[in-house]
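S.K.: sequence first, then the predicted structure:
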Amino acid sequence: MAFGPLSQIHISVTDVDRTVGFYRDVLGVPFLFQVPGQPMAFFRSGDVRLYFGVPESAEFASRAVLYFRIDDIDAERDRLVAAGVEFLDKPHVVHRDDGHELWMTAFRDPDGHHLILTEERVL
């Protein structure tokens, strides 16, 4: 492959401080740093850096759907509901084969980006 794996994803937001509070304090995504004097904040999700920022112009605005792998989707949903997160659905099976099931449930962040929790269960 000519270039390596994905290293960073930009997600447009309207309020970086609110975003930091939600992703760091509510979701528990590992926070890396916020750029002083710039509307930018960075988080770590596995090997991928998440860059949340206010775009400089409309041509750089992004919409994202982020899928987070979870060990226990029911427990994590319960934790987030207790923290005030409103879910769009309940955990449900979206794929099943002979060896496993893929479960998902969805909610939105403060800017309306869809966030999906996923759990793979071995049968």
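M.R.: Perfect, thanks for sending it. Remember, it's a predicted structure, so these values are computed and weren't measured experimentally.
S.K.: the spatially most central residue of the chain and A106, how far apart?
M.R.: With distances taken as C-alpha atoms, centre = their mean, the residue of the chain nearest its centroid is L66 (4.5 Å). When distances are taken as C-beta to C-beta, to the nearest Å, L66 and A106 turn out to be 10 Å apart. For every residue, glycine as well, the C-beta is placed using N, CA and C.
S.K.: over to S7?
M.R.: With distances taken as C-beta to C-beta, S7 is found 26 Å from A106.
S.K.: circling back to that earlier point, phi first, then psi, for the residue nearest to the centre of the chain.
M.R.: Main-chain dihedrals, L66, degrees, to the nearest 10: phi -110, psi 130.
S.K.: state the pLDDT value of it.
M.R.: According to the model's per-residue confidence, L66 sits at a pLDDT of 97.
S.K.: now the strands for this structure?
M.R.: Per DSSP state E, the chain carries strands over the ranges 8-12, 31-34, 40-45, 48-53, 65-69, 92-96, 100-108, 114-122.
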